[in-house]
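Student: Could you work out the structure for the sequence below:
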Amino acid sequence: MLYNDTITEKGNHLKFLAEKICEIRKAIFRADVDTMQTLPNNLINTLDVDEEGHVWFLTSSNDNYTRFSEKEFYAYLEYYQKGRDTRLLVSGVATIQEDALIPEKFSAQRAYTNGTTFMIKLKIMKAEYSYVPKKAGNWKEWISHLWKRCWPIETSGQYDLF
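Tutor: This next block holds a predicted model:
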């Protein structure tokens, strides 16, 4: 019973992460310095998050990285969007995918893969999600925000105390 609860909980966490990743879509990609010293940091656009917890995306470089195909390395994706109060840092084991190993659902993106543009699959091993509320612009907003945080009241209407 505990095992099934753990699977359900992991599924819920993965679903939450996939939703947040798909909402933000853009991330900064960084490969671990020790393993892939020449792979550059890039701004990427997420293509998909599958049910196994893999994040699929395209990245590019001025160098040819096909020699690293199917070699595992540790990488990070930092999701953040201006105007949002959330930040998501995902890390895990990544691999550069050869054309033959790219799933059929990415057939349109496969046309873009060449020596300098390639698809990466990152297995989510760790994720850190943080929510930082916006700072209040003036003291009235700050007090109102503090009041609502300390004494949340579910009402159908909204009342302005100040």
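Student: any idea how far Ile44 is from Lys105?
Tutor: According to Cβ to Cβ, to the nearest Å, Lys105 and Ile44 sit 18 Å apart. For every residue, glycine as well, the C-beta is placed using N, CA and C.
Student: So for those two, which residue has more residues nearby?
Tutor: Ile44 (20 against 11; other Cβ atoms under 10 Å).
Student: hang on, the more buried one packs against Ile24?
Tutor: No - in this structure, Ile44 is not within contact of Ile24 by Cβ atoms under 8 Å, at 11.4 Å.
Student: all helices of the protein, in order?
Tutor: For the chain, the helices defined by DSSP state H cover 2-24, 107-110, 139-150.
Student: between the ones you listed, which gets the lowest average pLDDT?
Tutor: Out of the helices of the chain, helix 107-110 stands lowest, with a mean of 65 (criterion: mean pLDDT).
Student: right, and Ala27 touches Val49 too?
Tutor: No - counting by Cβ under 8 Å, Val49 is not a contact partner of Ala27; they are 11.5 Å apart.
Student: anything in contact with each of the two?
Tutor: The contact sets of Ala27 and Val49 overlap at Ile21 (Cβ atoms under 8 Å, 6 or more residues apart in numbering).
Student: how many neighbours does Glu128 have?
Tutor: Applying other Cβ under 10 Å, we find 10 residues neighbouring Glu128.
Student: heads up, I number from 745, so please use that
Tutor: Will do, 745 is the new start, and the previous item becomes Glu872.
Student: what sits against it?
Tutor: Leu832, Leu833.
Student: That one bridge partners, please.
Tutor: Note on Glu872: beta-bridge partners Leu833, judged by DSSP bridges.
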